[in-house]
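*Asks:* Sequence below, structure please.
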Amino acid sequence: MVPAGPFTGLFAVDAPAYLSYAVASRPGEPVLDAGAVVAALGLLRAEFGPGAVRFELIDEACPGAVRLLVEAGLEITLRTPLMTLAVDRVRVPETAPGVTVEYVSTTDDRAAGAEVANTAFGADGGDLPTTPPPPPVDGGSVLARVDGEPAAVASWTQIADGITEIVGVATAERYRRRGLGALVTAHAVEVAGRAGATLTWLTPGGADADRVYRGVGFTPVAWAVHLAEPSAGA
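*Replies:* Numbers count the residues shown, from 1 in each chain. Modelled structure (predicted):
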């Protein structure tokens, strides 16, 4: 973690870029000092690298932050409901014949999950992890296979104060429309719970994802806003 005034940079080592972003340091406090925001951006740019700074903020939890970041040159890439789910309320779908879901505990499985996610998110051929996954409390993934082939993946971020974000939910194109997104999401919530999480949250990328997440128990509670440097993408 990198403190940067009103924000904190969260960096996942040897992991896809979407797992690294900045959040509000003090949720619940307004962000009203434009100079502090500009200074924070300077610190974060030094860590993220040119053109790569990304933010994931809860609009209601840091009033003023989105406006000041836009004034400082960032672009809103997504505005979507923020959904939460207590770990003990997750609804786990039945597992179809030929499907397995396992916690990712090896370098090879970590790379297989990253390859599924990279392809699903349009980064086919991107870098794959080359080290074993961290302890589950520091974030992890579950990987679904269909007849032994990697098919779907879901991850969670470092657990802090019992809270973690479910991220990187992806299904290989040939295995879509089989309920695998819901399956890996629910299993990710369960495994994160065994690692110490009591509350999970996520942000759906569209109406289809919203329905999937509601199906396993997530409910909307606020609005999430993602921002990035113009050259960094979503």
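
*Asks:* Show me what counts as buried in the host helix or strand of residue 210.
*Replies:* Per DSSP states H and E, residue 210 falls inside helix 207-216. Residues of helix 207-216 classed as buried by neighbour count (16 or more other Cβ atoms under 10 Å): 209, 210, 212, 213, 216. In this view, the C-beta of every residue, glycine as well, is placed from N, C-alpha and C.

*Asks:* and the residue positioned nearest the centre of the chain, which of the three is it?
*Replies:* Compute the mean C-alpha point of the chain, and by Cα atoms, centre = their mean the closest residue is residue 167, 2.8 Å away. With DSSP: H, G, I helix; E, B strand; the rest coil as the basis, residue 167 sits in strand.

*Asks:* Show the subsequent helix or strand relative to the helix holding residue 210.
*Replies:* strand 219-228.

*Asks:* Tabulate the CA atom coordinates of stretch 12-25 in CSV.
*Replies:* Provided in CSV are the C-alpha atoms of stretch 12-25 (Å, rounded to 0.1, in the frame of the first residue of the first chain):
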residue,chain,number,x,y,z
ALA,A,12,-0.8,-6.4,-6.5
VAL,A,13,2.6,-7.9,-7.1
ASP,A,14,3.1,-10.0,-10.2
ALA,A,15,-0.6,-9.8,-11.0
PRO,A,16,-2.8,-8.3,-13.8
ALA,A,17,-3.0,-4.5,-13.9
TYR,A,18,-6.7,-4.5,-12.9
LEU,A,19,-5.8,-5.7,-9.4
SER,A,20,-3.8,-2.4,-8.7
TYR,A,21,-5.7,0.9,-8.2
ALA,A,22,-6.1,3.7,-5.7
VAL,A,23,-8.9,4.1,-3.1
ALA,A,24,-10.0,6.7,-0.6
SER,A,25,-7.8,6.7,2.5
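
*Asks:* Buried residues, it. List them.
*Replies:* By neighbour count on 16+ other Cβ under 10 Å, the buried set for stretch 12-25 is 12, 15, 16, 17, 18, 19, 20, 21, 22, 23, 24, 25.

*Asks:* Which of these sits closest to residue 46?
*Replies:* residue 22 (12.5 Å; Cβ to Cβ).

*Asks:* If the closest one is in a bridge, with which residues?
*Replies:* In this structure, residue 22 bridges to residue 9, residue 55 when assessed by DSSP bridges.

*Asks:* Adjacent strands (with direction) for the biggest strand by length in the chain?
*Replies:* Under DSSP state E, the strand in the chain containing the largest number of residues is strand 75-86. Its sheet considered, strand 75-86 pairs with strand 199-202 (antiparallel), strand 219-228 (antiparallel) by DSSP bridges.

*Asks:* what residues does that strand touch?
*Replies:* 58-59, 66, 70, 189, 198-205, 210, 213-214, 216-230, 233-234 (Cβ atoms under 8 Å, 6 or more residues apart in numbering).

*Asks:* try stretch 154-162
*Replies:* So stretch 154-162 is contacted by 10, 12, 19, 113, 117, 137-142, 164-170, 181, 184-185, 187-189, 191-192, 195-200 (Cβ under 8 Å, 6+ apart).

*Asks:* Quick one: mean pLDDT for it?
*Replies:* Taken as a whole, stretch 154-162 has a mean pLDDT of 95.

*Asks:* Residue 114 and residue 131 touch, don't they?
*Replies:* No: contact criterion Cβ atoms under 8 Å: residue 114 and residue 131 do not qualify, at 11.6 Å.
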